[in-house]
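In: Provided below are the primary sequence and the corresponding predicted coordinates.
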Amino acid sequence: MGGDFTKTVGEFAPFAYGKALPQRKRNPLGRVPVFGSNGIVGWHDTPLTNGPTVIIGRKGTVGAVHYSPVPCWPIDTTFFVTGDDPAIVRFKYYALKALGFEHMNADSAVPGLNRDAAHACQLRVPPESEQRAIACILGSLDDKIELNRQINRTLEEMARAIFKSWFIDFDPVRAKAAVRREHPKWTDEQVSRAACPNLKPEIASLFPDSFVDSELGQIPKGWRVRTIGDLAEIVGGSTPRTTEPAYWEGGTHAWATPKDLSKLSVPVLLETERRITDEGLAQISSGLLPVGTVLLSSRAPIGYLAIAELPVAINQGFIAIKPRHGVPNLYLLFWARTAQEEILSRANGSTFLEISKSSFRSIALVAPPPDLLAAYDSYARPLFSRLVSNEREIRTLASVRDALLPKLLSGELRVADAERIAARYA
């Protein structure tokens, strides 16, 4: 295209070295992101750069390319690129991201990206007006992705906060008990209205106004000490023999490992890296788990959590929590998150810690009555449904961005055509 140039990375976007910033010298209350080779690793109060910055992994997560729209501090495991024009800097981010630096590992013993080798890579550099347009098109998709992620963090926190208030801290029960002590002759309705003004009356009435003793200490009256095995069916998984092509080639069934959960920003599993065939599925005693199953990684490490939003088989690194009738999976998800310390205390192993299904099943908890579980689900379910919808949209937006990126950078796709495609999604 007219005005295009082929330049080396060293000519167009020379790398600067990041600077060490030990943990002890950081101010964690600051608002300046600290970047390592794998992304944001902390916060500080003083930036190293003066504006939008491209960060490239030099050691560790070699070749990973990150973008900070604000001044930041890239540490000494990174290179960085910055500049005066935010749109041009963002174009450089997309251009560098497309070069595949992650495949340029210079040292197998200590993974690293060689700056001279990276600088020698060539790329198409269109006129600045086109660079800005490309940055705007791809940036609009990334901005929508980030907005959805922020919304999802808020939605998850809302559902988690009400779970903690109701089922861990027993806030409504404590508030009603305090009002009852002060006004012993009031009706239940009066107590509920005074103690829980922010709850719907029909929900506030479901909470008792006193506690009773139990093996777990004081618990709300009418609630019961149960085990997680009472509330859910607990099963595990396995790995079909990897040397048997019939179990894997052309597989159609999702098959999860803890690695699939390690990448999630929210506890929703929408896809898996690998799939297995009917023959492979037949090798797993737990079979295909239904949508809505809560997955907990049970070793190396313990604690990754997600709700399966697709039928899925699992490997041996999981405990699958299948809700029994009347038990919301969101209750089980947030219970498992708050019970991490107890779960870890029951793990053992010489090579790596692992919790067995039998040890997990016997964990005790304070279970509310079914109508209160249903009330929680009626509150949390719409939040989670929106979260899942947003997560699906994030994947669509990322697919569109990833499809447009190489075509725009190569000049194969005109900016005007890309704008029309991006406008349908962003």
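Out: Thanks, I have it. Residues are numbered from 1 along each chain as shown.

In: alpha carbons only for contacts and neighbour counts from here, please
Out: Noted.

In: what packs against the helix or strand encompassing Trp255?
Out: Using DSSP states H and E, Trp255 sits within strand 253-256. Applying 3 or more Cα pairs under 8 Å, 6 or more residues apart in numbering; DSSP states H and E, one finds that strand 253-256 contacts strand 274-276, strand 312-314.

In: so what strands line up beside it?
Out: strand 274-276 (antiparallel), strand 312-314 (parallel) (DSSP bridges).

In: Name the residues that touch that strand?
Out: 271-278, 281, 288, 310-315 (Cα atoms under 8 Å, 6 or more residues apart in numbering).

In: centre of the chain versus it, how much separation?
Out: 19 Å (Cα atoms, centre = their mean, to the nearest Å).

In: what's downstream of that strand, the next helix or strand?
Out: Criterion used, DSSP H and E; the element after strand 253-256 is helix 258-262.

In: Ok, which of the helices and strands packed on strand 253-256 comes nearest Leu295?
Out: Judged by Cα to Cα, the one of the helices and strands packed on strand 253-256 that comes nearest to Leu295 is strand 312-314, at 8.8 Å.

In: After the closest one, which helix or strand is next?
Out: strand 318-323.

In: Check which helices and strands that next one sits against.
Out: strand 232-235, strand 294-298, helix 329-338.

In: The residue nearest to Leu288 when sequence neighbours are not counted pairs with what?
Out: Closest residue in space to Leu288, ignoring its immediate chain neighbours: Ala313 at 4.7 Å, by Cα to Cα, 6 or more residues apart in numbering. In this entry, Ala313 is beta-bridged to Trp255, by DSSP bridges.

In: would you list every one of the helices in the stretch 1-150 of the chain?
Out: 9-12, 86-97, 115-119, 128-163 (DSSP state H, counting those that start in this stretch).

In: Which residue ranges of the stretch 1-150 of the chain form strands?
Out: Remark: strands assigned in the stretch 1-150 of the chain by DSSP state E, counting those that start in this stretch are 5-8, 16-17, 32-36, 39-44, 53-57, 65-68, 73-74, 78-82, 122-125.

In: Need the ones you listed in a markdown table (columns: mean pLDDT, distance to Pro369 and mean neighbour count).
Out: Putting these into a markdown table (pLDDT from 0 to 100; distance: least, Cα to Cα, whole Å; neighbours: other Cα atoms under 10 Å) gives the following:
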| stretch | mean pLDDT | distance to Pro369 | mean neighbour count |
| --- | --- | --- | --- |
| strand 5-8 | 92 | 67 | 14 |
| strand 16-17 | 98 | 59 | 16 |
| strand 32-36 | 97 | 45 | 24 |
| strand 39-44 | 96 | 42 | 18 |
| strand 53-57 | 98 | 51 | 29 |
| strand 65-68 | 97 | 48 | 22 |
| strand 73-74 | 98 | 51 | 31 |
| strand 78-82 | 98 | 53 | 25 |
| strand 122-125 | 94 | 63 | 18 |
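
In: Looking at those, which is nearest to Tyr425?
Out: strand 65-68 (21.3 Å).

In: Output the closest one as CSV, nothing but the C-alphas.
Out: Taking C-alpha atoms only, strand 65-68 is exported to CSV below (Å, rounded to 0.1, in the frame of the first residue of the first chain):
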residue,chain,number,x,y,z
VAL,A,65,3.6,-8.6,25.0
HIS,A,66,1.5,-6.5,27.4
TYR,A,67,0.0,-3.0,27.1
SER,A,68,-0.4,-0.4,29.8
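
In: What strands line up against that strand, and which way round?
Out: Counting by DSSP bridges, strand 65-68 is paired with strand 53-57 (antiparallel).

In: Can you name the next helix or strand after the strand or helix carrying Arg395?
Out: Taking DSSP H and E as the criterion, Arg395 maps to helix 370-410. With elements assigned by DSSP H and E, the helix or strand that comes after helix 370-410 is helix 415-423.

In: Just the CA atoms of that following helix, as PDB, please.
Out: Extracted C-alpha coordinates of helix 415-423, given in PDB (Å, rounded to 0.1, in the frame of the first residue of the first chain):
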ATOM      1  CA  VAL A 415      -9.000   0.000   7.400                       C
ATOM      2  CA  ALA A 416     -12.500   1.000   6.300                       C
ATOM      3  CA  ASP A 417     -13.600  -2.600   6.000                       C
ATOM      4  CA  ALA A 418     -12.100  -3.500   9.400                       C
ATOM      5  CA  GLU A 419     -13.900  -0.500  10.900                       C
ATOM      6  CA  ARG A 420     -17.300  -1.900   9.700                       C
ATOM      7  CA  ILE A 421     -16.500  -5.300  11.100                       C
ATOM      8  CA  ALA A 422     -15.400  -4.100  14.500                       C
ATOM      9  CA  ALA A 423     -18.400  -1.700  14.800                       C
END
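
In: in it, what counts as buried?
Out: Neighbour counts using 16 or more other Cα atoms under 10 Å place 415, 418-419, 422 of helix 415-423 among the buried residues.

In: again with stretch 125-144
Out: 125-126, 130-142, 144.

In: how about low-confidence regions in this structure?
Out: 1-4, 106-110 (pLDDT under 70).

In: What helices and strands are in contact with the one helix or strand Ser358 maps to?
Out: Using DSSP H and E, Ser358 sits within helix 357-361. Secondary structure elements in contact with helix 357-361, counted by 3+ Cα pairs under 8 Å, 6+ apart, are helix 228-231, strand 232-235.

In: Turn the ones you listed into a markdown table, columns for distance to Arg361 and mean neighbour count.
Out: Shown next, in a markdown table, are the helices and strands packed on helix 357-361 (distance: least, Cα to Cα, whole Å; neighbours: other Cα atoms under 10 Å):
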| stretch | distance to Arg361 | mean neighbour count |
| --- | --- | --- |
| helix 228-231 | 4 | 20 |
| strand 232-235 | 7 | 18 |
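
In: Great, nothing more from me.
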